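[1] 3D, please:
(one chain, ligands or ions: 2)
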Amino acid sequence: MRMTIERTLSIIKPDATRRNITGAINHRLERGGLRIIAQKRIQLSQGQAERFYEVHAGRPFYRDLVAFMSSGPILVQVLEGENAVVLNREIMGATDPVNAAPGTIRKDFAESIEANSVHGSDSPENAEEEIAFFFSTIEICP
Ligand code: ATP
Ligand code: MG
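    Ligands and ions are numbered 1, 2, ... in the order given. Prediction:
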């Protein structure tokens, strides 16, 4: 079977930068087999957060989510590894920390279903789009 080296877009969310636990989260990602091949700390404007989460426009939590994601600094990252998309979502755990498996980032660090510490792309196609949203090719260093 061929190995599939993939890339995925990761975000360490404002609840985690506020608590100064980005290093602990990066350790989980690296320990889990992912390589951080690009990373920067930024703060999203409301408009940028609206655009990033456009797929959720109309969902009842959209307004709150946009406000939360633009409320403080975030770390945006490109992760690379074997089956990186699915692997990262395993390391992250379920959206709601109450349902997240033991040992996952969200189980151990998330504050709530909204302030759940990390984002990860949900498919290779979306990963490509989300990476291009934040990074130019010159910023990615595998
Ligand atoms: P992400 O896209 O951030 O990796 P996810 O794919 O697990 O998370 P989505 O369904 O894409 O979950 O929701 C995007 C984000 O919106 C969640 O990570 C969470 O911050 C927020 N969210 C999702 N569902 C709810 C909800 N019911 N109430 C409040 N916030 C929610
Ligand atoms: Mg999602």
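
[2] Those residues of this structure touching ligand 1, which are they?
    Phe61, Leu65, Thr95, Ile113, Glu114, Asn116, His119, Gly120, Asp122 (CB under 6 Å from any ligand atom). In short, each C-beta sits where N, CA and C put it, glycine included.

[3] Show the buried residues in the residues you listed.
    Leu65, Glu114, Asn116, His119, Gly120 (16 or more other CB atoms under 10 Å).

[4] So which of those residues is the closest to Met3?
    Gly120 (19.8 Å; CB to CB).

[5] which residues does the closest one contact?
    Listed by CB atoms under 8 Å, 6 or more residues apart in numbering, the contact set of Gly120 reads Thr8, Leu9, Ser10, Ile11, Val85, Asn88, Arg89, Met92.

[6] again, only this time at 7 Å
    Thr8, Ser10, Asn88, Arg89, Met92 (CB atoms under 7 Å, 6 or more residues apart in numbering).

[7] For Ser45, give me phi and psi.
    phi -70, psi 170 (degrees, to the nearest 10).

[8] For the residue nearest to it when sequence neighbours are not counted, give me its contacts.
    Leaving out its chain neighbours, the residue that sits closest to Ser45 by CB to CB, 6 or more residues apart in numbering is Ser70, at 6.2 Å. Applying CB under 7 Å, 6+ apart to Ser70 gives the contacts Leu44, Ser45, Gln46, Ala49.

[9] Cheers, nothing more for now.
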